[in-house]
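pasting the structure only:
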Ligand SMILES: [Zn+2]
């Protein structure tokens, strides 16, 4: 599936980045920049900056950056080609693509394709079972009342009890390499004395649940243990990959989106099976946290669909304690949180198999706010009799109330709790004051390191150092006019560039300029593979709209002079001169170590002095 370059240009110029991003999130204009709350990390102050002139975005907190294609790709969690198709459709541009071909255009797309093919493979296995295996697996599904329709809907599958059945399947057509399959998580790689390249299937003899992204893409798997002799855990999950981050995915959200919007609340359950049971009875506004505590990203994700969250967890104090962080995150985000508590000893699956949907709905409408729920639990578990118990209770409940953003709501709960448990309202308020002081949001930590950091491979833990003049070179390529670019092409010696990321970018820009006579800045973000390089380009290209900050911080002032600088030929000459001088000084230092190189040292010194004097 190849798209000719002129089509790319046509599609991107028909899709202004500010328009496209505004279609997903709220964007505000500020000066020359457009700002938004970054959708790629929990963002309280708008950190996402969009440059309409350069058609790129950059987040100054989480460093997400890219062009219109990457925004759509990352926001919708789709492949690059799908993003291109989406934008083509949006602009009414015809693309004649054979959509049956796998999209192998970049690493992310490959990972999506591998997961999709694996899910199909596992599902086919389930359909084609025979003999004892069939009897065993079908028995298991029957017991859990999973019929074929449900298995189809959730793409449930089966991984054979074999070390290599999936691997052999992929090796038939050799579209993907073993290292790629390993990176997607379906294969495991083990280094081994006898055989350095040992790969095998991660999931063996398990009931497979594909984990879908918000947009129906398979990003990973959960594999349920089936056999007694399987020594692995009850569930094995795909490891994290470039497309699967378990704290950013909510199982079942793809099936639940519409229903969550419609009912304006979501039920959060713990496991895959709980969720599937609810679906079986037509309750579809459900997502599962899949065993992990709710993360900020997950809460962020859900808040795009509804502000009303309803937990259906093990309802005892121990269960609440385990969910504590998740509850705090939900309250801090200003969402409404309630808890459904089923009769003791029942989980959604057992409950619905015994009763029915109407009975379940009674429990839903009888749900309690989390504050009331916790205080009831204390009473129920008889934890309010001694003075010490009461003190603990107050501390805990106030801890939660302190997380609620709404002042009026906080006051309401304080009053209610005081009345219910015959406590002094003033005691509660004092405690709340203390908690609020401790909770006070930390001042927004502005990321002062703009240049991407990377763990260095040579063992030292240093940041990637980018010399100011190397930074300026990229700056010039991005903002310079014809004259400047021409000068750079003829005078810049790439051998003098130290930083490998900068070198990659400069080589790319030079090639582009020589090939086409111009530098298409937004295109570079498609073409260059290195993540560091993309971040660096976007960082330099997108001006940060914080003028007062520039004045107070000389380092950022230097890095952001693009905002005020004139990209004149003189500036270009200065930068090239600085780079040359630095190289010559370095050479001189090296040569000085060798007594027999005295003549060379003299020559270099002469050159340095000439260069310094030159205009
Ligand atoms: Zn961000």
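Noted; the coordinates are in hand. Everything numeric in this text was worked out from a predicted model, so none of it was measured. Numbering: from 1, shown residues only.

Pretty sure residue 78 sits in a strand.
No. Under DSSP: H, G, I helix; E, B strand; the rest coil, residue 78 sits outside any strand and is assigned coil.

Show residues contacting the helix or strand hosting residue 400.
Per DSSP states H and E, residue 400 falls inside helix 387-403. Residues from elsewhere that reach helix 387-403 (CB atoms under 8 Å, 6 or more residues apart in numbering): 327-328, 331-332, 370-371, 374-375, 378, 383-384, 410, 413-414, 417, 421, 423, 427-428, 431-432, 435-436, 439. Every C-beta, even on glycine, is put in place using the N, C-alpha and C of the backbone.

ok, of the residues you listed, which come out buried?
Using 16 or more other CB atoms under 10 Å as the burial test, the contacts of helix 387-403 include 327-328, 331-332, 370-371, 374-375, 378, 383-384, 410, 413-414, 417, 421, 423, 428, 431-432, 435 as buried.

buried set for the longest helix anywhere in the chain?
For the chain, the helix with the greatest residue count under DSSP state H is helix 569-592. Across helix 569-592, burial judged by 16+ other CB under 10 Å covers 571-572, 575-581, 584, 588, 591.

cool, stretch 604-615 as well?
Neighbour-count burial for stretch 604-615 [16+ other CB under 10 Å]: 604, 608.

can you check stretch 66-81 too?
For stretch 66-81, the neighbour count (16+ other CB under 10 Å) marks 66-73, 75-81 as buried.

biggest separation within these, which pair?
67 and 77 (17.0 Å; CB to CB).

What residues does this protein have near the ion?
Contacts of the chain with the ion, taken as CB under 5 Å from the ion, map to 38, 40-41, 59, 61-62, 64.

which one of those is nearest residue 323?
Nearest to residue 323 among the residues of the chain next to the ion, with distances taken as CB to CB, is residue 41, at 22.7 Å.

Could you give the number of residues near the closest one?
Neighbour count for residue 41, taken as other CB atoms under 10 Å: 17.

Give me the pLDDT value at it.
With respect to pLDDT, residue 41 scores 84.

Over to residue 242?
86.

Can you read off the backbone torsions of it?
Here is the backbone geometry of residue 242 (degrees, to the nearest 10): phi -60, psi -20.

Does residue 33 touch residue 50 like I think?
Yes. Using CB atoms under 8 Å, residue 33 is in contact with residue 50, at 6.9 Å.

any common contacting residues for the two?
By CB under 8 Å, 6+ apart, the residues touching both residue 33 and residue 50 are residue 542.

Looking only at neighbour counts, state which of the two leads.
When neighbours are counted by other CB under 10 Å, residue 33 and residue 50 differ, and residue 50 comes out ahead with 24 against 20.

could you list every residue that touches the more buried one?
Residue 50 touches 17-18, 21, 27, 33-36, 56-57, 542, counting by CB under 8 Å, 6+ apart.

three-state assignment of it?
Of the three states, residue 50 takes strand under three-state DSSP.

Would you mind measuring from it to residue 127?
For residue 50, the distance to residue 127 equals 47 Å [CB to CB, to the nearest Å].

Look up how far the ion lies from residue 137.
44 Å (CB to the ion, to the nearest Å).

what helix or strand does that residue sit in?
helix 131-143.

which other residues reach the following helix or strand past that helix?
On the C-terminal side of helix 131-143, the closest following helix or strand by DSSP H and E is helix 148-153. Contacts with helix 148-153, where a contact means CB under 8 Å, 6+ apart, come from 123, 126, 141, 156, 255, 276, 279-280.

same thing with stretch 69-80?
12, 17, 20-21, 24, 39-40, 57, 64, 66, 82-84, 86-87, 103, 105-106, 108-109, 112-113, 213-215, 217, 219, 243, 525-526.

Now, those that are in strands?
Cross-referencing the contacts of stretch 69-80 against strands under DSSP state E gives 57, 66, 219.

quick one: which of those residues is nearest the ion?
residue 57 (9.5 Å; CB to the ion).

Bridging across strands, which residues link to the nearest residue to the closest one once chain neighbours are set aside?
Using CB to CB, 6 or more residues apart in numbering and skipping the chain neighbours, the partner closest in space to residue 57 is residue 50 (4.5 Å). Legend: beta-bridge partners of residue 50 under DSSP bridges are residue 34, residue 57.

Please tell me how far residue 50 sits from the ion.
When residue 50 is compared with the ion (using CB to the ion), they lie 12 Å apart.

cool, and residue 26?
15 Å.

Same check on residue 512?
Distance from residue 512 to the ion, by CB to the ion: 28 Å.

which parts of the helix or strand hosting that residue are buried?
Taking DSSP H and E as the definition, one finds residue 512 inside helix 500-516. Buried residues in helix 500-516, counted by 16+ other CB under 10 Å: 501-506, 508-510, 512-513.

Please tabulate the residues you listed in a markdown table, including the columns distance to residue 151 and pLDDT.
Listed next are these as a markdown table, based on distance: CB to CB, whole Å; pLDDT from 0 to 100:
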| residue | distance to residue 151 | pLDDT |
| --- | --- | --- |
| 501 | 48 | 87 |
| 502 | 53 | 89 |
| 503 | 52 | 88 |
| 504 | 47 | 88 |
| 505 | 49 | 90 |
| 506 | 54 | 90 |
| 508 | 48 | 88 |
| 509 | 52 | 89 |
| 510 | 55 | 86 |
| 512 | 51 | 83 |
| 513 | 56 | 83 |
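
how about the residues you listed, which pair is most distant?
Longest span within the buried residues of helix 500-516, CB to CB: 501 and 513, 18.8 Å.

Would you map the helices across the stretch 1-150 of the chain?
Per DSSP state H, counting those that start in this stretch, the stretch 1-150 of the chain carries helices over the ranges 5-14, 17-22, 68-76, 80-90, 107-127, 131-143, 148-153.

Out of those helices, the one nearest residue 601 is which?
The closest of the helices of the stretch 1-150 of the chain to residue 601 is helix 107-127. By CB to CB, the value is 48.0 Å.

Give me the contacts around that closest one.
73, 78-81, 102-104, 137, 151-152, 155-160, 165-166, 169-170, 175-176, 180-181, 183-184, 186, 203, 208, 210, 217-221, 241-243.

Which members of the residues you listed are classed as buried?
Of the contacts of helix 107-127, these count as buried by 16+ other CB under 10 Å: 73, 78-81, 102-103, 137, 151, 155-160, 165-166, 169-170, 176, 180-181, 183-184, 186, 203, 208, 210, 217-221, 241, 243.

returning to that earlier point: could you export the helices of the stretch 1-150 of the chain to TSV, including columns for distance to residue 485?
Below are the helices of the stretch 1-150 of the chain laid out as TSV (distance: least, CB to CB, whole Å):
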stretch	distance to residue 485
helix 5-14	19
helix 17-22	23
helix 68-76	24
helix 80-90	28
helix 107-127	31
helix 131-143	64
helix 148-153	56
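
Residue 229: which of those is closest?
helix 131-143 (12.8 Å).

and the closest one, how far from the chain's centre?
38 Å (CA atoms, centre = their mean, to the nearest Å).

same deal with stretch 498-513?
Distance, centroid of stretch 498-513 to centroid of chain: 28 Å (CA atoms, centre = their mean).

ok, back up a step: what would the residues of the chain next to the ion look like in TSV with distance to residue 393?
What follows is the residues of the chain next to the ion, written out as TSV (distance: CB to CB, whole Å):
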residue	distance to residue 393
38	38
40	39
41	35
59	41
61	37
62	38
64	42
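
what about burial for these, which qualify?
Buried among these (16+ other CB under 10 Å): 38, 40-41, 59, 61, 64.

what is the rounded mean pLDDT of stretch 68-75?
So the average pLDDT for stretch 68-75 ends up being 90.
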